[in-house]
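Participant: I would like to see how this sequence folds:
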Amino acid sequence: MPRLHALELLPDADGEAAVRRDWQVLRDAGLPSMLDHAGATNTPHVTVLAVPAISADDEARAVDLLGPLLPIGVRASGLAVFGRDRLTVARVVDVEDPVLRAVLDLRAVTTGHQHPGWLPHLTLVRRLPRADLQQVVDLLGADDVEVRLTTLRRWDPEAATVHTLTS
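Facilitator: Here you go, the predicted model:
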């Protein structure tokens, strides 16, 4: 499977610090954490879309649709669990209707999506053994975290680069 190009919304410094605190709590407990991802571009983000290719037109449309909405105040609430044997745990991100509409409009003109619809989230851990799930839930709890998404960026996995589209 090819690596997917992505458009992502990044939080401001306070939002990034809040997510990184969760990452650190997991690491301090000896559990997997997104801190284990050593890539230079690894940072808390909400993926808007991840597809095999993103054109310049797709980038421009994303800027037109999402740029005017920035900064976007969101609430990271509750935990979501994805997967079977190796799990991903994330904080679900509640967004206002205009943001949801903008993302769905963008997704409607792009192809190659792995999943239908959009479930905005901030990933905390990937490849977690199922046996460790309860410990993660106990450590992280389900407290709401207010976050401001301030930047739209593009991830290009082939070049291993990111570039800011708008902030």
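Participant: quick check: bridge partners of the residue positioned nearest the centre of the chain?
Facilitator: Nearest to the mean C-alpha position of the chain, by C-alpha atoms, centre = their mean, lies Val46 at 2.6 Å. On the basis of DSSP bridges, Val46 is bridged to Leu9.
Participant: does it touch Thr151 like I think?
Facilitator: No - using C-beta atoms under 8 Å, Val46 makes no contact with Thr151, being 10.7 Å away. C-beta here means a position set from N, CA and C on the backbone, and glycine is covered the same way.
Participant: mutual contacts of the two, please.
Facilitator: Leu9 (C-beta atoms under 8 Å, 6 or more residues apart in numbering).
Participant: got the phi/psi numbers for the residue at the greatest distance from the centre of the chain?
Facilitator: Most distant residue from the mean C-alpha position of the chain: Ala131, 24.2 Å away (C-alpha atoms, centre = their mean). The phi and psi values for Ala131, taken as degrees, to the nearest 10, are phi -60, psi -20.
Participant: re the thing from before, against Leu35, how distant is the residue nearest to the centre of the chain?
Facilitator: 18 Å (C-beta to C-beta, to the nearest Å).
Participant: residues contacting the longest helix seen in the chain, please?
Facilitator: In the chain, taking DSSP state H as the definition, the longest helix is helix 13-28. Residues from elsewhere that reach helix 13-28 (C-beta under 8 Å, 6+ apart): 10-11, 32-36, 43-44, 76, 91, 122, 124-125, 136, 139-140, 145, 147-149.
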